[in-house]
Structure formats: structure tokens, C-alpha cells
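A.B. asks: one predicted model, sequence on top.
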2 protein chains.
Amino acid sequence: MKSRLLTALLAVTALNVFAQDSLTLRHISDEIMLHGTCYDNLRVLCKKVGNRLSGSPQAVKAVKWGEKAMLEAGADKVWLQPVDVPHWVRGEEHLYVKAEGGRKTELSMLSIGNTEGTGGETWDAPIVMVKDLDEFNKLPADEIKDKIIFFDYHFKQDLIFTFEGYGDAVRYRWLAPNLAASKGAMAVIIRSVSTGEDDFPHTGAMRYFDTVKRHIPAVAIGNYSADWLVKKCKQGEVTAYLSAEAHMLPDMVRSYNVIGEIKGSQHPEKIVVVGGHLDSWDVGEGANDDGTGCVQSIEVIRTLKALGIRPKCTVRAVLFMNEENGLKGGLAYADSAKARNEEHIFALETDAGGFSPRGFGLDMNDKKKAQVLKYKNLFLPYGVYDFNRKEGGADISPLTKAGVPSAGLLPDPQRYFDLHHTDNDVFENVNHRELKLGAVAVTGLVYLISEHDLK
Amino acid sequence: MKSRLLTALLAVTALNVFAQDSLTLRHISDEIMLHGTCYDNLRVLCKKVGNRLSGSPQAVKAVKWGEKAMLEAGADKVWLQPVDVPHWVRGEEHLYVKAEGGRKTELSMLSIGNTEGTGGETWDAPIVMVKDLDEFNKLPADEIKDKIIFFDYHFKQDLIFTFEGYGDAVRYRWLAPNLAASKGAMAVIIRSVSTGEDDFPHTGAMRYFDTVKRHIPAVAIGNYSADWLVKKCKQGEVTAYLSAEAHMLPDMVRSYNVIGEIKGSQHPEKIVVVGGHLDSWDVGEGANDDGTGCVQSIEVIRTLKALGIRPKCTVRAVLFMNEENGLKGGLAYADSAKARNEEHIFALETDAGGFSPRGFGLDMNDKKKAQVLKYKNLFLPYGVYDFNRKEGGADISPLTKAGVPSAGLLPDPQRYFDLHHTDNDVFENVNHRELKLGAVAVTGLVYLISEHDLK
């Protein structure tokens, strides 16, 4: 009987805990949906700072914006963490193509990030089109040498979770310039890594392999341009005329992660981190990638403060620098955490767009996962139901590697790869309610773990 | 032992059924995500037909478009079902306001649907602002008489399921003109029934009560205009100058529901209906309300045909006419079903926008609900998880009343009330992948019920 009574008491206590948590989540939701500032913050970041590639003058402005926004949110302490970042610049760039008997037509293109261009000169060569790596690998070297290779690989639209399609197609952005260079190609064109029913080209990172001597130019073209080019290539020889000034500057640039913190009331030494990345590509406004993650992270601080919630563990919001083309911010943060012997009990990243939240990817051991899964029903009223994926985030991946339990917000993934890394990733393509609802989910999970620890 | 064996056999059979269904849903999904025509259909409907209020010339064009699209989808049989609909016209309309000492400022407005305007004359009167019905009811009649009443009731942004907020706020659109008229007001202005962070005014239906003698004009203003007007009203007297030509034409107009059907292979007499409504308000392009529901319903037919699936029960796609301001199409369909003694085993409506599907609302008895809930896991890979709401659709509500088990697609509800009934409800505000994924969900449920019946 005693044990039954104990079980019953524990059950009642557990119910009360959940009832209290449920109520707190409702307060968090009401606060954000009615008084949230994340949407206004995003407007300022997008419209007053704009895009902000690492090393650029706008990235300097973004750091100042982040520091100010973090202070306005009411963080106990705000500081800048030094990070040395690469500085790549795009410059002027054009891609014209000419089919036999046709006229020169300009295509919608962007140099892929981190690439070297043509030094501003115009290089021309016949286009060799391949549909994938298999077809490319079968080509004899003399059909590749001095040619411009067009990889017409399509994003797999049948994959419902678009991040799977991205993981598949993005190989072409990373690999194609290296593979083509090693076979003597002059340059590379890829169909953008994009779900878009449009002609926006998508930039994004690549890295020249150490083993590849020649750093050839590589550009991505919009889906409609790619469709058109496929048609022309099937009809006969097509010549490409590429000029691109893209290049990596020789020196690293001093930049910063922006950090804001609320000290924990009971376990100040235990840290819960939530973050997004402050840098973006040099096109559009970096709205969904990842302005939304930044303003949601700041909203966590603002909301806890506004509701007078003093978290038991320390809650830290981090705007990481240089996720897009170096990850230097994420690495610097993890290095600093290690050097200071900080105890991070949980890291959460929001870097998948400002769309309606649907779940959290969990990257942690089974025991901790079981604890988080107990909170699942608390999130259902906010449309957050999917806790089955293993997903963290790039910026927190150095922490994850160091053993910190990690998670990533999973917003609805249908629109992200239409927009990200394009001129179309602008404030207008973020919905105020969806953005705020994401902030509710993120704040809720941060609150629960700072309240109950993650054991 | 026998019974155990039987149980085991039944379990295996059940598993096989689910495995087969799961595979078929995957085929449906692949077909729609890779080859779906719903997005292209929507482009034509929005850009070539445009908005299409019942009785308007564009509604005639829309019927022709629907008939053609249904035939192209491969329906065994396509027909038009006659419906007599009201014909309301908006005409020219303006609302200016003038604060003491200020200048006349034009506000962003739309007459509420079905209202009578000012006959094109300009009526002016002081504005009396109230925040809700309580405040209005407390006003003495002499403070209302000959005034223009401004109902500044806000859409409750803290309600996550926006249809709840709509249900709450839309009372003002229906009631305010009647209540104000009965107390002698000259006209009514309401804050739009809108979640929008913008200045788009939202039209939508109202109906003059039979008990109310004077049919006074009623207009909705955009949220930003409303914010501005509130400020001015708090500062002092504000005069409104309203001109509106809106009026209901005396005669009903012959129009049609568009119906396409695939005959059932085993139970042709049992009918599964899926539909949306073809008419829209006379602003924007009626994209999410409800072009998306129409093209998704047509996609059901196309997909079953493309995959060579001959459903066991008859599957019928219906584009209902006149949902927005009369429901004559839904009533005519149900009347016809009754007159012909048709056996409808299930009715599904998609009229909540072309956003990512999240669930189905179910309006049926518990036994049937239990059967549908068995399919829940089949839909999880497509992000459809919420089967807990009771929701059908306006067009199928006459069928529901007649006892037909009903359901409504529940897309993500965050953006719908930013857009619907506005100039901003255009093709560009529908995402191709979200629209198609909704079609996958709808086709999946129609398939399952046509395959297994609903007992």
C-alpha cells in the first residue's frame, strides 16, 4: 500500500508539474503572439542591415544590431565573442549562352560561394551537359577538358522532408567544381540546389579540395534558366560566356558572435544555449536564413524577462557568425566553452526558416531523449508534433561533437529551399504568425529544460 | 489455439492492408509531387479567370475553366449542375476621414459583401468608436443615431488555431450592421476580420436581418488604417465621408456546380465526394479561397486516373458555386442527392487554403471516426497528424446535416486570415509544394475511404 500511495503521489506531482508547465507554455505563447518583438526585429535586420556575408561591412552593422537587440530584450549580460572569419566577395558576374544560329542570352546566375571567378575576364567554351555524377564519370577526359560542364541534377521534389532532398542535391554544389577541375574543365554550371518553381539562382558554399590544383569558377543558374538551357543543349552545341569577379580575400577579418544571457537562479553554472546565425549570403536579406533564427533566439530572452521567469539554469542566446562559409563562430563558441570548462546541458539551434514549427530534431542519448519526449504533448497545442528526427544545427555541431545534447527546431520545410541563398529570401517571405509560433516553440523547450535540467 | 491463429492471421492481414495502403499513398504522393497539375491549374484560374463572384461574368468563365480542367484530369463523366445564385456588385467606393484641424485622408476599405452602399452619394457623419459589442450595447441610442459607428474589435492573435479567432471576430461582420441600424446609425465601419500585419481590408459576407428595416452601408478597413483611426478618434472628433455603390441586383443568375466523377468498380452506387468552391470574392484572385480547394479536388481525379487506380466506390469531385454569399451550390448539390436518392458515404471539403496539410477535421459518428483514425499513421510521413477537430466545410454542410460523414482538410492555419477576402489572395501567395502536399492528403483520404468504405 505504501508503494501504491507513493506511486499515486508521484503521479499527482507529475501531473501538477505538467499542468504547471502547460500553463507556463500558454503564458509564453500569449506573450509572444500578442507582444512579441521578433517580427519587428526581423524587419530592422532585413531592411536596415540587409544581407551580411562574413567579413562584409553589413556584417559589422549586424553585430551592432544584434548587441542592441539583445540589450533591449533585457539580457542580464551581453557580450561579443571574437571570431576571425573569411571574407569572400562576389563582384560583377554574368553568364551568357549562345546556341548555334541563336543570339547571346543572359541566364539568371550566381557564383557559388567561396569560388574563384574568371578574374573579371570573359571565358568562353562549349557546354557539356550531364544529368548527374554517373554520367559525368563516364565521360572521357578529352570531352571535359577546356569545356564548361553543366550539371543538370534536379532536387528530388518527391521527398516530403525537403532537407533530405537538399542533402542529396547539395553534393553537386560541393563536388562538381572539384571533380570537373580534376578532369581539366574550364568552369562549372549547376542547376541551383532549389525546389523553386521560378528562376532565382541559389548561391551557397563550396570548398576547393586540397588535392585539386586548379580553382575553377562555378556558378548556379535558376531552375527556369536550367530548363531552357537543357532544351538548347539537346538541340545542338551551346557556347557559354562566363565572367565573374568572385574571389576570396587573403586576410581573415575580425568579427564576433553576439551573446546575451540570463543567469540561472539555482544552477547558474549549467547553461542552456539557443541560437541562430547572424551572417547570411550576400543576396536577398538573409530573412529565413537565418534572420528568423536570430530574432527567435533573442525572443527567448525577451519573453522570459517579460514574464518575470527567472530560469533555474542559465539561458544563453547566441547569434553565431560565419555559419554560411566557414563555421568559425560555432567553432569559436565551442572552443571558448571548453577553455572555460563551461557546463552546457543543452544546445538548440533554429536555422531552418521562420515557418510554422512542426517539431524538434533531437541529437542526444536515449535517456535524455525520453525526457524530452515527455514534453511532447505540451507542444501539441502549438502544432509541434514531430520529435522523431535526429537533427541539430551547424553552429551547435561543435558542441554536439563535444557531447552536448542538441536539438534543432523543425519548421514546416516546404518553402525553405525555394528561398534560401537567393535574392528572394526577404522579409516579405516571412509570415509574422509563423515566425512568432516558432519563437513560442523554441522558448518553450528552452524553458522546460532550464526548469527541469536534462539528465 | 484456433482463435489465436485467427487473431494472428487477421493481424497479418491487417498489417498487409496497411502496408499496401502505405505504398499506394506513396505512389499518390510521388505522382502529385512530381507530375501534379494543380499548381498550373491554379495559375490559369487565378491569372486567366481571376476573381469570380457569383453571378459575375468571371464566374461564367470559371465554370468553363472547371469543366475543361475536369475533362483534362480524365474524369469518366463531367457535368454542370444548375444553381441559381445572387449577384451582388461592389462598384466604386471610398472612405475618407477628417479629424478636427486635419485634412481628409482616404482609408483602405472594402464594402462588406451583400451590403447596400450609399447609392454612390457621399454620406458624412461623426464617427463613434466602440471596442466591442459590450461597449456598443451600453451606448444610449442618441449617441448612435445618424452616426457612423466604428467597431474596433481585434482578431484574437493569441489563438493558435486561427479559425477560432475567425469565429470570434467574424460576428462583428455579420452583426454590427444589423445592430447599428436598429439603433439608428447611418453606417458602420469595422476593423477587418484579419490577422494581417498590413493594411489590406477584408470583405466577406453579411446578411441583413429580416427584423431590421434599414439596410445601412457597412465597410471594413485595413488593420493599419484601423490603428490610425483609433489614434485619431482618441484625440478628438473625427468625421467620416463614405461613398459606396454596392448593391444586390434584383434577379438571381443561373450558374452551375461543376462535377467530375470516376465510377466505382465495385460499389458504383456509393459516392465519395471531395470539393472546394469555385466562386470567390470580387477582390484578389480567390487563390487560397478557394482556388486551391478546386484544383486539389480536380487533382484527386487526375491522380487516380494517372496511377490507373479504379476506386471501388464512386469518387466525385465537385466545384461548388456560391459558397461566399449564399451557399446555393452546396444546397443544390444536397437537394439533388436527396432527390436522386444517392448514397453518399463520405464528403470531404478543402476550403482553408493551399498551405501545408496538418490534419483532417472529422464530423461523423464515433465508429466511423475510429475507422478514419486507424489511417492516421499512414498520413504522418506527409506531415498530417491532427485528427482531433470537428470540422467539415460550408459547401458540404447540407450533406452533413443530412447525415453524411464529413471531413475538412486542415492546412496550416497561420496565413489564411492574412489573405482571404483581400486583394492579396493571389496565386503568388500559394506555394507549389504546399499546395501539392495538400492534394496528396486529400487524395489519400478519398482513396482510403473509396477502397475500404466507411462503415
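C.D. replies: Now that the structure is in, tell me what you want to look at.

A.B. asks: quick one: name the residues of the stretch 1-150 of chain A near chain B.
C.D. replies: Where the stretch 1-150 of chain A comes near chain B, counting by C-beta under 8 Å from any C-beta of the partner chain, the residues are A:29-30, A:33-34, A:39. In this view, the C-beta of every residue, glycine as well, is placed from N, C-alpha and C.

A.B. asks: a markdown table for those, including secondary structure?
C.D. replies: As requested, these are exported to a markdown table (DSSP: H, G, I helix; E, B strand; the rest coil):
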| residue | secondary structure |
| --- | --- |
| A:29 | helix |
| A:30 | helix |
| A:33 | helix |
| A:34 | helix |
| A:39 | helix |
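
A.B. asks: list just the nearest of these to residue A:259.
C.D. replies: Of all the residues of the stretch 1-150 of chain A next to chain B, residue A:39 has the smallest distance to residue A:259: 22.6 Å, by C-beta to C-beta.

A.B. asks: for residue A:447, see how far away the residue nearest to the spatial centre of chain A is.
C.D. replies: Centroid-nearest residue in chain A, with C-alpha atoms, centre = their mean: residue A:351, separated by 4.2 Å. According to C-beta to C-beta, to the nearest Å, residue A:351 stands 20 Å off from residue A:447.

A.B. asks: kindly report the same for residue A:310.
C.D. replies: For residue A:310, the distance to residue A:447 under the criterion C-beta to C-beta works out to 11 Å.

A.B. asks: more neighbours, the two?
C.D. replies: Applying other C-beta atoms under 10 Å in any protein chain shown to residue A:310 and residue A:447 shows that residue A:447 carries more neighbours, namely 24 against 15.

A.B. asks: so the more buried one touches residue A:22, yeah?
C.D. replies: No - here residue A:447 lies out of contact with residue A:22, judged by C-beta atoms under 8 Å, at a distance of 11.8 Å.

A.B. asks: that older thread, show me the contacts for the residue nearest to the centre of chain A.
C.D. replies: Applying C-beta atoms under 8 Å, 6 or more residues apart in numbering or on different chains to residue A:351 gives the contacts A:276-277, A:289-290, A:293, A:323, A:393-395, A:408.

A.B. asks: got any residues that touch both of residue A:310 and residue A:447?
C.D. replies: Contact criterion C-beta under 8 Å, 6+ apart; residues shared by residue A:310 and residue A:447: residue A:304.

A.B. asks: test my guess that residue A:327 contacts residue A:394.
C.D. replies: Yes - using C-beta under 8 Å, residue A:327 and residue A:394 qualify as a contacting pair, with a distance of 6.1 Å.

A.B. asks: and the helices in the stretch 251-400 of chain A?
C.D. replies: Under the criterion DSSP state H, counting those that start in this stretch, the stretch 251-400 of chain A carries helices at the ranges A:292-306, A:328-339, A:366-373, A:376-379, A:397-401.

A.B. asks: so the third one, near chain B or not?
C.D. replies: So the one you mean is helix A:366-373. No - residues of helix A:366-373 contacting chain B under C-beta under 8 Å from any C-beta: none, with a closest distance of 15.1 Å.

A.B. asks: in that helix, what's buried?
C.D. replies: Using 16 or more other C-beta atoms under 10 Å in any protein chain shown as the test for burial, helix A:366-373 gives A:368-369, A:371-372.

A.B. asks: quick one: residues contacting residue A:266.
C.D. replies: Residues in contact with residue A:266 (C-beta under 8 Å, 6+ apart) are A:312-313.

A.B. asks: repeat that for residue A:358.
C.D. replies: Contact analysis of residue A:358 by C-beta under 8 Å, 6+ apart lists A:383-386, A:410-413, B:383.

A.B. asks: thinking residue A:215 is in contact with residue A:115, fair?
C.D. replies: Yes - look at residue A:215 against residue A:115 with C-beta under 8 Å: they come within range, at 7.3 Å.

A.B. asks: overlap in contacts of the two?
C.D. replies: Counting by C-beta under 8 Å, 6+ apart, the residues touching both residue A:215 and residue A:115 are residue A:177.

A.B. asks: so which of those two has more stuff around it?
C.D. replies: The residue with the greater number of neighbours, taking residue A:215 and residue A:115 and applying other C-beta under 10 Å, is residue A:115; the counts read 25 against 17.
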